[in-house]
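1. Generate coordinates for the sequence data below:
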Amino acid sequence: MLVSAAVCPCPPLLVPAVAAGAAPELDTARDACADALGVLAASRPDRLMVVGPAAGPADLQTYPQGAYGSFGGYGVAVDVTLDGKPHEPGNGHARSGAPLPTSLAVAAWLLTHVAWSASPIQGLAVREPLDAERCIKTGSNIAREDERVALLVMGDASACRTLKAPGYLDERAATFDAEVARALGSADVAALAALDESLATDLKAAGRACWQVLAGAAEGASLGGALLYEDAPYGVGYLVAAWS
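-> Just a heads-up that it's a prediction; the model follows:
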């Protein structure tokens, strides 16, 4: 059963070394993510499932605890492992298996900064776009696998909020993001499940599928929600929420 969830954005810019001189611009978002992760730890789950969007041929790709990720592609020597512990060269972490996609690498970085040690961790990459029915079923299956499950759900809202946004300006973006923010802040499972897949794709909202995995996992759990952060720096909607 799902006992808690945290929803965080997944831009690599959350990692200060990647953001460089612009790092302070996302300090408030980082603090909100830390607060959301604190809610997860306090729920004492039997397992934490980290869910994030990814490109690739597989609809769903799982990653074991300790899976390795790197931000070397962004020009910085920052490595992470999906275990809530800082990665250091030579600490025994083998670089075996597929590397973490960016969304899960960002999640791994966030977890190291709250010293996660509450439970085992597993990663799940969700291909964009994956249909809502499959996402919801996946979430439902996750919630049934353990007595107490927590989710860390990574994903950005629309990327079309301004003229300089990655997806240029789309007048529908602000309304879409506002509805997602309302649904996440009130733990409105039905609203998340009903998100328009085509519109989300048009608006480049990479979090849509992962939010619908959350909707499937939370069905019947009767959790309450709180919206901890809502903004659109760089023209991309970033949302942080906690459910418990």
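
2. Look up how far Ala190 lies from the residue nearest to the spatial centre of the chain.
-> Nearest residue to the geometric centre of the chain (CA atoms, centre = their mean): Met154, 0.7 Å. Taking CB to CB, to the nearest Å as the measure, Met154 falls 22 Å from Ala190. (C-beta placed from N, C-alpha, C; glycine too.)

3. Could you do Ala217 as well?
-> Taking CB to CB, one finds Ala217 at 14 Å from Ala190.

4. Between the two, which is the more surrounded one?
-> In this view Ala217 and Ala190 are compared by other CB atoms under 10 Å, and Ala217 has more residues nearby, 30 against 9.

5. which residues in this structure form helices?
-> 16-19, 27-42, 102-112, 132-144, 173-185, 189-193, 197-202, 208-218 (DSSP state H).

6. Now tabulate those in JSON lines and tack on mean pLDDT and distance to Lys164.
-> Shown next, in JSON lines, are these (pLDDT from 0 to 100; distance: least, CB to CB, whole Å):
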{"stretch": "helix 16-19", "mean pLDDT": "94", "distance to Lys164": "17"}
{"stretch": "helix 27-42", "mean pLDDT": "96", "distance to Lys164": "19"}
{"stretch": "helix 102-112", "mean pLDDT": "96", "distance to Lys164": "21"}
{"stretch": "helix 132-144", "mean pLDDT": "97", "distance to Lys164": "30"}
{"stretch": "helix 173-185", "mean pLDDT": "98", "distance to Lys164": "13"}
{"stretch": "helix 189-193", "mean pLDDT": "98", "distance to Lys164": "29"}
{"stretch": "helix 197-202", "mean pLDDT": "97", "distance to Lys164": "18"}
{"stretch": "helix 208-218", "mean pLDDT": "98", "distance to Lys164": "22"}
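
7. a markdown table for these, including distance to Trp243?
-> As requested, these are exported to a markdown table (distance: least, CB to CB, whole Å):
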| stretch | distance to Trp243 |
| --- | --- |
| helix 16-19 | 27 |
| helix 27-42 | 8 |
| helix 102-112 | 16 |
| helix 132-144 | 12 |
| helix 173-185 | 8 |
| helix 189-193 | 10 |
| helix 197-202 | 20 |
| helix 208-218 | 7 |
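
8. Tell me which of the ones you listed sits most buried.
-> helix 208-218 (a mean of 29; mean count of other CB atoms under 10 Å).

9. can you list the residues that contact that one?
-> By CB atoms under 8 Å, 6 or more residues apart in numbering, the residues outside helix 208-218 that reach it are 2, 5, 7, 51-53, 124, 126-130, 132, 135-143, 149, 151, 153-155, 180, 183-184, 187, 189-190, 192-193, 195, 197, 200-201, 243.
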